[in-house]
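Peer 1: Here's a sequence, model it:
(2 chains)
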Amino acid sequence: MKLGYYFGGRASRLVPYLLLLPGMLLYFFVSLGPSLATVFYSFTDASGLLGAPMHFVGLSNYQEFLFMGQNIRDNADVLVRTLEFSFLVTVIQTGLGLAAAMLLNQRLAATTVFRTVFFLPVILGVTIVGLTWTLFLYPVGGPAEKLLNLLGGRSEFLGGPPFQAFLWVTWVQIWANMGVTMIIFLGGLQTIPSELVEAARMDGAGGWQTFRSVTFPLLTPSLNTNLTLAIIGSLQAWQLLLVMKGVTNGTQVLGLIIYAIAFGRTSANPTSVAMRQGYGAAASVVLFVLVLIIGMGAQVLMRQRERRVLG
Amino acid sequence: MKGLPAGFSRRASSSRVVMFIVLLALAAVYLGPLLSVVNVSLQTSQEFSLDPTALARQPQFANFVTAWNKANFPLYLRNSLLYTVVATAVYVLTAVFVAFPIARRYVRGSGFLFSLFVVALFLPYALIPQFQLMLRLRLYNTPVGYILLFLVDPIGIVILVNYIRSIPRELDEAAAMDGSGYTRFVLRVLFPLIKPALASVIVLHAIGIWNEYVTPLIYLPKKALMPITRGLMVFYGQYGNDWTTLAAAILMLTLPIVALFLALQRWIYAGVLQGSVRG
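Peer 2: So this is what the prediction gives:
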């Protein structure tokens, strides 16, 4: 397709290129280039210190991360925990976001107030959310403990067994991001013609039946968007874990150990500042491959379902 | 056509009550943690150690004064404001000049360039090479280096390109006929026309910078350069047991963000929606 350029002749045709250049160069040097260079660094022993020599080490970073030494058990645990985290976040966040959007779409009272309340944590960011929940989960007579006791439960929250602490942070991650899922579903609900829903109800379909046979299939595009964002986002998420638990054994996910390897304490030796950036880059590539495999797999399944549901 | 089944409306209205109660319960789950921060920020430390959930009997506004003075807030806030404003302004200006010619296909390879921004979500984490770059450019631990990291945001470009595509090309032609040059057109005609998309991009980008926690942790070890998020965590490290003061500090940071959110939520929702539509 050849479309006209209206702003003058030969020389002035260069103006768009010149003005595009700053933004494009920034993108290449700050984001795209470094992103691709991760693969390059993964074959080196680069450190985080200025002027330290750097050598090519072939595949030894990958060998160490995947197959060697005492790390291998730790790393396998981390990998499994990353998948657990991603699965829980994706399923619960999507379910909760859908439920919230459906409820807000019923034209009940104070809908916009509820929407604001549910979205609020997205705006507050990991520091405020992390500290707020650390306080809410205060182990000695804190609000969450009181509530849990009322229901007959107990928990040691963030100070308890690692897996328990991990599950609490997982919940906070869901709590913090559900608003985005909800907004995307609400956007999808607005595109569904209300006549379709009304027609189903006139034919005697109940609320649940209408949802299952009309609303939910028509929400497929929003559902796919939400699942994609949640899967990729949760596989790469780790900042809330850092704020609420720091770098501690038993609660780490892949993103967090990449940070720990490249910029500070390792799980094996919590006091040393290792900054093994080549090794960290190899772990980043492993995470990237994981995102790619799971992301692609999910895309294929979603396409299949879309074809089945929407025809 | 069948009429509504008998009892339909009564059943419907009772189910609406149930739905409203569910919404209230969910709202409690969302407001509970925030309200307990408010409560603790007003307690005396004695009240807190006896029962963190007891309502503060006499609001201790002194907690806020203590937090403000001890937490170095004026310095950290100034840093956060500087980074956020400068990076957002430069980003938006460069972003429009990237998005416009791509949307209009005024540059060769527009489709390819656009796809580079669309796939950004899936690319490997740039964390480590980015750090190596900053180290080598001697921009580690400097405000310039820190700001440089936030002059890029692929989702903003995607939002802008999609929005500009909805603005008729004839406008470019008409303006050019009137003798307007390219730069003048973008700055004088296009900017006002894409205000809704700009507002979303600006607000989302600014929030992202303001809330950033890990980047300053990595790049700005010098205390005098830290933004407020880092400052708050440093304060937490030092006064981890002094929850009444800490809650006051958290609240002082939360309230202005909530106020801004209430004013700007329209643009934020629009941005989230537009950003989720790709290609």
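Peer 1: Show the pLDDT at the closest residue to B:Ile157 other than its chain neighbours.
Peer 2: Among residues not flanking B:Ile157 along the chain, B:Phe117 sits closest, at 4.5 Å (C-beta to C-beta, 6 or more residues apart in numbering or on different chains). (C-beta placed from N, C-alpha, C; glycine too.) B:Phe117 is assigned a predicted lDDT (pLDDT) of 93.
Peer 1: List the contacts of B:Phe117.
Peer 2: By C-beta atoms under 8 Å, 6 or more residues apart in numbering or on different chains, the contact set of B:Phe117 is A:Tyr27, B:Pro154, B:Ile157, B:Val158, B:Val161.
Peer 1: change it to 6 Å
Peer 2: Going by C-beta atoms under 6 Å, 6 or more residues apart in numbering or on different chains, B:Phe117 touches B:Pro154, B:Ile157, B:Val158.
Peer 1: tell me what whatever helix or strand the last one lives in is packed against?
Peer 2: Secondary structure from DSSP states H and E places B:Val158 in helix B:154-165. Under the contact criterion of 3 or more C-beta pairs under 6 Å, 6 or more residues apart in numbering or on different chains; DSSP states H and E, helix B:154-165 touches helix B:73-104, helix B:110-118, helix B:195-211, helix B:243-276.
Peer 1: can you list those in TSV and add distance to B:Pro221?
Peer 2: Formatted as TSV, those follow (distance: least, C-beta to C-beta, whole Å):
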stretch	distance to B:Pro221
helix B:73-104	13
helix B:110-118	32
helix B:195-211	19
helix B:243-276	21
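Peer 1: buried subset of the contacts of B:Phe117?
Peer 2: B:Pro154, B:Ile157, B:Val158 (16 or more other C-beta atoms under 10 Å in any protein chain shown).
Peer 1: Quick check, the first one in contact with B:Ala120.
Peer 2: Yes: with contacts defined as C-beta atoms under 6 Å, B:Pro154 counts as touching B:Ala120 at a distance of 3.6 Å.
Peer 1: quick one: low-confidence parts of the stretch 1-150 of chain A?
Peer 2: Along the stretch 1-150 of chain A, segments meeting pLDDT under 70 span A:1-3, A:69-71.
Peer 1: Now do the helices in it.
Peer 2: Counting by DSSP state H, counting those that start in this stretch, one finds helices in the stretch 1-150 of chain A at the ranges A:15-26, A:33-41, A:60-67, A:71-104, A:111-136, A:143-150.
Peer 1: how many neighbours does the residue of the stretch 101-250 of chain A found nearest chain B have?
Peer 2: Nearest to chain B, among the residues of the stretch 101-250 of chain A, is A:Gly125, at 2.7 Å (C-beta to the nearest C-beta). Applying other C-beta atoms under 10 Å in any protein chain shown, we find 23 other residues in the vicinity of A:Gly125.
Peer 1: Return the residues in contact with it.
Peer 2: With C-beta under 6 Å, 6+ apart, A:Gly125 has these contacts: B:Asn211.
Peer 1: closest one to B:Gln46 among the helices and strands packed on helix B:154-165?
Peer 2: Evaluated over the helices and strands packed on helix B:154-165, closeness to B:Gln46 peaks at helix B:243-276, with 9.4 Å, by C-beta to C-beta.
Peer 1: Just confirm yes or no for that closest one near chain A.
Peer 2: Yes: using C-beta under 6 Å from any C-beta of the partner chain, we find that helix B:243-276 touches chain A at B:Ile250, B:Thr254, B:Ile257, B:Phe261, B:Tyr269, B:Val272, B:Leu273, B:Ser276.
Peer 1: If you count neighbours, what's buried in stretch A:109-116?
Peer 2: A:Phe114, A:Arg115, A:Thr116.
Peer 1: Now render these as a markdown table, adding distance to chain B.
Peer 2: Output for the buried residues of stretch A:109-116, formatted as a markdown table (distance: C-beta to the nearest C-beta, whole Å):
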| residue | distance to chain B |
| --- | --- |
| A:Phe114 | 5 |
| A:Arg115 | 8 |
| A:Thr116 | 6 |
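Peer 1: Do stretch B:127-139 and chain A come into contact?
Peer 2: Yes: Stretch B:127-139 is in contact with chain A by C-beta under 6 Å from any C-beta, via B:Ile128, B:Pro129, B:Gln130, B:Leu135.
Peer 1: from the chain's centre, how far out does that stretch sit?
Peer 2: Computed by C-alpha atoms, centre = their mean, to the nearest Å, the chain-centroid distance of stretch B:127-139 equals 25 Å.
Peer 1: show me where pLDDT drops low in the stretch 151-279 of chain B?
Peer 2: The stretch 151-279 of chain B contains residues with pLDDT under 70 at B:278-279.
Peer 1: that older thread, relative to helix B:110-118, how tilted is the helix holding B:Val158?
Peer 2: Counting by axes from the mean of the first three to the mean of the last three C-alpha atoms, to 10 degrees, helix B:154-165 lies at 140 degrees to helix B:110-118.
Peer 1: Kindly state the domain boundaries assigned to the chain.
Peer 2: By default, I'm working from chain A. A:11-41, A:60-310 (automatic domain parsing).
Peer 1: that's the wrong chain, I meant chain B
Peer 2: For chain B, automatic domain parsing gives the domain ranges B:8-60, B:68-276.
Peer 1: Ok, which of the ones you listed comes nearest A:Val253?
Peer 2: Short answer: domain B:68-276, nearest of the domains of chain B by C-beta to C-beta, at 12.8 Å.
Peer 1: Look at that closest one and report the distance between its end residues.
Peer 2: With C-alpha to C-alpha, to the nearest Å as the measure, domain B:68-276 spans 38 Å from end to end.
Peer 1: And for stretch B:189-199?
Peer 2: Its start and end residues considered, stretch B:189-199 measures 16 Å (C-alpha to C-alpha).
Peer 1: Quick check: B:Asp172 vs B:Gly181, distance?
Peer 2: Look at B:Asp172 and B:Gly181: by C-beta to C-beta, to the nearest Å, they are 11 Å apart.
Peer 1: So for the two, which residue has more residues nearby?
Peer 2: B:Asp172 (24 against 14).
Peer 1: which SSE is the more buried one in?
Peer 2: Going by DSSP H and E, B:Asp172 is part of helix B:170-177.
Peer 1: picking that back up, any chance of the helices of the stretch 1-150 of chain A in TSV with distance to B:Leu225 as columns?
Peer 2: Putting the helices of the stretch 1-150 of chain A into TSV (distance: least, C-beta to C-beta, whole Å) gives the following:
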stretch	distance to B:Leu225
helix A:15-26	21
helix A:33-41	22
helix A:60-67	32
helix A:71-104	32
helix A:111-136	17
helix A:143-150	36
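Peer 1: Of those helices, which stretch is the most buried?
Peer 2: Of all these, helix A:111-136 carries the top mean neighbour count, a mean of 22, counting by mean count of other C-beta atoms under 10 Å in any protein chain shown.
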